[in-house]
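# quick check, what structure comes out for this input:
(one chain, ligands or ions: 3)
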Amino acid sequence: MVKLTIDGIQVEVPKGTTILEAARTLDIHIPTLCHLKGVNNSGSCRVCVVESGPRLVASCSIMAEDGMDIKTNTAKVRESRKTVVKLILSDHKRECTTCIRSENCELQSLSSELNIRDIEYDGERLQLGTDSLSPSVSRDPEKCILCGRCISTCSKVQEVHAIGFIERGFDTTVAPAYAKSLDDVFCTNCGQCITACPVGALYEKENIKDVWKAIYDKEKYVVVQTAPAIRAALGEEFGIPVGTSVTGKMVAALRRLGFDKVFDTDFTADLTIMEEGTELISRLTSGENLPLMTSCCPGWIKFAEHFYPDMLDNLSTCKSPHEMEGALIKSYFAEKMAMDPKKIVTVSIMPCTAKKFESARGELSNDGLQDVDLVLTTRELARMIKEAGIDFENLPVEEFDNPFGESTGAAVIFGVTGGVAEAALRTVFEILSGKELETVNYTAVRGLEGVKEAVIELPNGMTINSIVAHGLGNARKALDVVRNGEKQYHFIEVMACPGGCVTGGGQPIVDSEYRMDHDIRLQRASAIYAEDESKVLRKSHKNPYITKIYEEFLEAPNSEVSHKHLHTHYVK
Ligand code: HC1
Ligand code: SF4
Ligand code: SF4
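Residues are numbered from 1 along each chain as shown. Ligands and ions are numbered 1, 2, ... in the order given. Prediction:
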């Protein structure tokens, strides 16, 4: 332990605690900007300076030491912080009223907190165009404040290294090498850089106008579906605490926006388990293309295409659940409604920016029609709800439409790391053993450890070795073990985003100060697990609408009809 004084108060903290963290134990607030807990602690922006004896030090990166006498609120400290923020603002495209991050911008709130009213250093600004070629992530370098939070996320957490600092001095900017577009480099479209960015320099490619246009087009029948993770986070955009599930209100809001049907991606998550579970069983039997790797995360698929092309045959041939649902809406549902599928517009609300890229892929179409036409992030949906003047908090609770509205607890946990593996194991165990599973919760694949292993012993003596990785840096670790033949696995789940889709790149952006004391991955996951526990049915093969769709249309898992609509193949 070390003992120090902060603003005249004695405090004792464990060795290795930063001055910033020590101050927080005393409820002393020190502003930060480049700091992002667990990701970026370079101390480069110098907003968090405090006085330590005669020196000003960056409290986010300097460790507390015995005998330190820290002052966080002197004239010198305040002036220094103000100067730093004014210099940043002097080279910042200040269009706060129209900025996508207005009211959720750490620079805007910092400037207000520090009572900045004039910027005496106003002068030349770096003039750089926006990069909006990527189908998922757009960049506006004129709003970038060079904090490096996105770079650390992309290089240290995701280990993709798609972006970095380029040029020198006044010309320094954050971009892919040689100032290429994000669309021209190995970016996986995961959008984790967006949720790390404190300002409006990185944001999703917006598709809101396209969705409004479809809704108002009388010739179109617009069907929406929502991913498992949306319900666990959408409320945050309306001031509802992190970790609150808002499923029924979300459905009500979508109806009021004018969608013709409101379906749940959870239904096809159950269907994915039937298809992928059957695929796993047949690979276990034949011994071919093992381990089976999940294929529902488009960020992960693109990562595998770039960095592990030799392992693409290990991917499940299942389309991701929302793509399956899109395909079924334009076939099974269109047939039921006696409707021309060309008139149907399928919209997916996803916690994910990579889903925008995915929906345009040629591999995810049927008879010349894309399975999913438009993808909106959770944030874009919230903007539409606000734009429409809907009072979200006071909405009634409504139910999804059928035939794609019923789901089991196994489907909802897809939204969190380990969920796909857990859902698959619940079903595969029962099918292979012919026995009722007593303990439904597979805790070995839950939680935030980067790479999780679970060995499932079946009553017939068979064993399934599974591994779960979340965050692409962890995926690299898991895949290298497999590639080098160090260990044999049967099943691998990978989700590109740390924590899984609950903390996807399209989810509400939570500021760095809140994230110092709360792990939003765990908070949102708890909403997902609570929803699973609350369901009567918690195993995908028990969903009666799944049985029905096989009887009426798909015949059997992995049948020819299933393959036509629900499966695809990614090639090198
Ligand atoms: Fe996901 Fe999935 S769980 S990929 O993480 O398999 O986006 O939520 O919709 O499709 O179901 C995302 C979430 C989502 C798909 C499902
Ligand atoms: Fe890196 Fe993901 Fe951002 Fe692409 S979207 S630059 S891979 S963090
Ligand atoms: Fe998208 Fe989920 Fe994959 Fe993240 S983990 S890229 S949110 S599908």
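
# which non-adjacent residue is nearest the spatially most central residue of the chain?
Nearest residue to the geometric centre of the chain (Cα atoms, centre = their mean): residue 504, 0.4 Å. Closest residue in space to residue 504, ignoring its immediate chain neighbours: residue 351 at 3.6 Å, by Cβ to Cβ, 6 or more residues apart in numbering. Quick note: C-beta positions are derived from backbone N, CA and C, even for glycine.

# quick one: residues contacting whichever residue of the stretch 1-150 of the chain sits closest to ligand 2.
Minimum separation of the stretch 1-150 of the chain from ligand 2 (Cβ to the nearest ligand atom) falls at residue 137, amounting to 4.9 Å. Taking Cβ atoms under 8 Å, 6 or more residues apart in numbering, we find residue 137 in contact with 182, 187, 189, 191, 193, 194, 202, 203, 204, 205, 353, 505.

# how many neighbouring residues does residue 145 have?
21 (other Cβ atoms under 10 Å).

# the one 3 residues further on too?
Residue 148: 22 surrounding residues under other Cβ under 10 Å.

# spit out the contact partners of it.
Here residue 148 is in contact with 34, 40, 42, 44, 165, 174 (Cβ under 8 Å, 6+ apart).

# follow-up on the earlier one: quick one: which of the contacts of residue 137 sit in strands?
Among the contacts of residue 137, the members found in strands (DSSP state E) are 202, 203, 204.

# tell me the secondary structure for the closest residue to the second one other than its chain neighbours?
In space, residue 203 comes closest to residue 100 once its chain neighbours are excluded; the distance is 4.8 Å by Cβ to Cβ, 6+ apart. Using DSSP: H, G, I helix; E, B strand; the rest coil, the structure places residue 100 in coil.

# I'd guessed residue 201 sits against residue 163; true?
No - in this structure, residue 201 is not within contact of residue 163 by Cβ atoms under 8 Å, at 10.8 Å.

# of these two, which one has the most company?
Each of residue 201 and residue 163 has its neighbours counted (other Cβ under 10 Å); residue 201 has more, 28 against 23.

# okay, the more buried one: pLDDT?
Residue 201 carries a pLDDT value of 98.

# now swap in residue 433 and tell me
On the pLDDT scale, residue 433 gets 86.

# in this structure it contacts residue 464, no?
No - assessed by Cβ under 8 Å, residue 433 is found out of contact with residue 464, at 11.1 Å.

# so what sits against both of those two?
By Cβ under 8 Å, 6+ apart, the residues touching both residue 433 and residue 464 are residue 458.

# follow-up on the earlier one: got the contact list for the residue nearest to the centre of the chain?
So residue 504 contacts 190, 191, 229, 350, 351, 352, 353, 497 (Cβ under 8 Å, 6+ apart).

# check what pLDDT it gets.
98.

# what is the neighbour count of the residue nearest to residue 203?
20.

# I'd assumed residue 200 was in contact with it.
Yes - Residue 100 lies in contact with residue 200 (Cβ under 8 Å); the separation is 5.0 Å.

# circling back: when residue 433 and residue 464 are compared, which one has more neighbours?
Remark: of residue 433 and residue 464, residue 464 carries more neighbours, 22 against 14, as counted by other Cβ under 10 Å.

# pretty sure that one belongs to a helix, no?
No - Residue 464 sits outside any helix when classified using three-state DSSP, being strand.

# and the stretch 251-400 of the chain, which residues reach ligand 1?
265, 269, 296, 297, 320, 321, 322, 350, 351, 352, 355 (Cβ under 6 Å from any ligand atom).

# go through those and flag which are in strands.
residue 350.

# which of the residues of the stretch 251-400 of the chain next to ligand 1 are buried?
Among these, those scoring as buried are 265, 269, 296, 297, 320, 321, 322, 350, 351, 352, 355 (criterion: 16 or more other Cβ atoms under 10 Å).

# so which of the residues you listed also contact ligand 3?
297, 351, 352, 355.

# out of those residues, who's nearest residue 406?
residue 351 (21.3 Å; Cβ to Cβ).

# wait, isn't the closest one in contact with residue 378?
Yes - contact status for residue 351 versus residue 378: in contact at 5.3 Å, counting by Cβ under 8 Å.

# now for those two: what residues contact both?
With Cβ under 8 Å, 6+ apart, residue 351 and residue 378 have common neighbours 229, 230, 233, 506, 507.

# in space, what's closest to the third one - neighbours in sequence excluded?
Nearest residue to residue 233 in three dimensions, chain neighbours excluded: residue 507, at 4.9 Å (Cβ to Cβ, 6+ apart).

# a strand runs through that neighbour, doesn't it?
No - according to three-state DSSP, residue 507 belongs to no strand; its state is coil.

# what pLDDT does it get?
98.

# how about the one 3 residues further on?
Turning to residue 510, the model gives it a pLDDT of 98.

# nearest spatial neighbour of it, skipping sequence neighbours?
residue 520 (5.3 Å).

# the one you found against residue 503, yeah?
Yes - using Cβ under 8 Å, residue 520 is in contact with residue 503, at 6.3 Å.

# looking at these two, which has the bigger crowd around it?
More crowded of residue 520 and residue 503, by other Cβ under 10 Å: residue 503, with 29 against 20.
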